[in-house]
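S.K.: Quick one: sequence plus predicted model below, questions after.
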Amino acid sequence: MRLNCEQAVRQLFAYLDRNLGGEPLDALEAHLRQCLDCCERFEFSRQVDSFVKARLDNGIVPPGLEERLRKNLESTPGR
């Protein structure tokens, strides 16, 4: 299974949350090894994910925050 960039970007947060396994995980990791643009998006997403988690009290995400962040990150050009 080979992923294009759009497919890879859609899976980045599942990957960060460790909710990806098997063939989808292998395909995403293979894509990240070959695609500098997606690798940069992954790194940016990882940093945002870490930043948000570090600043949340008790790990509770306010309602709708995660969805809004993901939509904004997915629609940001060059990210």
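M.R.: Thanks, I have the structure now. Residues are numbered from 1 along each chain as shown.
S.K.: okay, CA-based contacts and neighbour counts for the rest of this
M.R.: Noted.
S.K.: Which helix or which strand is home to Cys38?
M.R.: Under the criterion of DSSP states H and E, Cys38 resides in helix 36-55.
S.K.: Tell me the buried residues in that helix?
M.R.: Judged by neighbour count using 16 or more other C-alpha atoms under 10 Å, the buried positions of helix 36-55 are 38-39, 41-42, 45-46, 49.
S.K.: can you pull the buried residues of whichever helix or strand comes after it?
M.R.: The helix or strand immediately downstream of helix 36-55 is helix 65-75, counting by DSSP H and E. For helix 65-75, the neighbour count (16+ other C-alpha under 10 Å) marks 70, 73-74 as buried.
S.K.: okay, the angle between helix 65-75 and helix 36-55?
M.R.: Angle of helix 65-75 versus helix 36-55, following axes from the mean of the first three to the mean of the last three C-alpha atoms, to 10 degrees, is 160 degrees.
S.K.: what about helix 65-75, average pLDDT?
M.R.: Average pLDDT, helix 65-75: 79.
S.K.: Just the CA trace of it, in PDB.
M.R.: C-alpha atoms of helix 65-75 as PDB (Å, rounded to 0.1, in the frame of the first residue of the first chain):
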ATOM      1  CA  LEU A  65     -10.500  22.200  20.300                       C
ATOM      2  CA  GLU A  66      -8.800  19.100  18.800                       C
ATOM      3  CA  GLU A  67     -11.100  19.100  15.800                       C
ATOM      4  CA  ARG A  68     -10.500  22.800  15.100                       C
ATOM      5  CA  LEU A  69      -6.800  22.400  15.400                       C
ATOM      6  CA  ARG A  70      -6.700  19.400  13.100                       C
ATOM      7  CA  LYS A  71      -8.800  21.200  10.500                       C
ATOM      8  CA  ASN A  72      -6.600  24.300  10.600                       C
ATOM      9  CA  LEU A  73      -3.400  22.300  10.300                       C
ATOM     10  CA  GLU A  74      -4.700  20.200   7.400                       C
ATOM     11  CA  SER A  75      -5.800  23.400   5.500                       C
END
